[in-house]
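Trainee: Predicted coordinates and the sequence they were generated for:
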Amino acid sequence: MRKDSVPAARDHVRAILTLWLLGELADDAVSIVGELAANAVVHAKGIGEFFEVGLRRRDGVLIVEVSDSFQWRMPEKLDADPDAVGGRGLVIVEGLSDKWGVRPRDAGKTVWAHLAVGRTEVPC
């Protein structure tokens, strides 16, 4: 995996959401994908050393997913050290999404986040 894959993933998400006329969700979705893709690049070393971005719209919810091939460690949201450079990615994902989670898959895991279509404010 290459670090330049992260901005490419963010650009892809913005382009797709623009095509889907979901521009109001683009900033949050792009930030979520950026955090999850960066986590995959930094932490996921596995069978194929890849990450995939998935977007779906179902029942008034945009589902954002980032999958990687690293199956031996599931992500956990930790209390970030205020002096640390990193460690806030999943805190950001939780703050921007209506709900999020992680599920294992055959080769790795998928971290997902839900954004309500048509919401007027960021969830607390």
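Mentor: Arrived safely. Residues are numbered from 1 along each chain as shown.
Trainee: What count of nearby residues applies to Val102?
Mentor: Burial of Val102 is recorded as 14 neighbouring residues (other C-beta atoms under 10 Å). The way it works is simple: take the backbone N, C-alpha and C, and place the C-beta from them, glycine included.
Trainee: Quick check: which element contains it?
Mentor: strand 99-105 (DSSP states H and E).
Trainee: now the following helix or strand past that strand and strand 99-105, what's the angle there?
Mentor: Downstream of strand 99-105, the first helix or strand assigned by DSSP H and E is strand 108-116. Put simply, strand 108-116 runs at 160 degrees to strand 99-105, going by axes from the mean of the first three to the mean of the last three C-alpha atoms, to 10 degrees.
Trainee: Please name every helix or strand in contact with strand 108-116.
Mentor: Judged by 3 or more C-beta pairs under 8 Å, 6 or more residues apart in numbering; DSSP states H and E, the packing partners of strand 108-116 are helix 26-43, strand 61-68, helix 89-96, strand 99-105.
Trainee: would you list those in CSV and tack on distance to Thr18?
Mentor: Shown next, in CSV, are the helices and strands packed on strand 108-116 (distance: least, C-beta to C-beta, whole Å):
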stretch, distance to Thr18
helix 26-43, 7
strand 61-68, 13
helix 89-96, 18
strand 99-105, 23
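Trainee: looking at those, which is closest to Ala116?
Mentor: strand 61-68 (5.9 Å; C-beta to C-beta).
Trainee: I'd like the C-alpha coordinates of the closest one written as PDB, please.
Mentor: Taking C-alpha atoms only, strand 61-68 is exported to PDB below (Å, rounded to 0.1, in the frame of the first residue of the first chain):
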ATOM      1  CA  VAL A  61     -28.100   6.000   4.800                       C
ATOM      2  CA  LEU A  62     -24.800   6.400   3.000                       C
ATOM      3  CA  ILE A  63     -22.600   3.500   4.000                       C
ATOM      4  CA  VAL A  64     -18.800   4.200   3.800                       C
ATOM      5  CA  GLU A  65     -16.500   1.200   4.100                       C
ATOM      6  CA  VAL A  66     -12.700   0.700   4.000                       C
ATOM      7  CA  SER A  67     -11.500  -2.900   3.900                       C
ATOM      8  CA  ASP A  68      -8.000  -4.100   4.300                       C
END
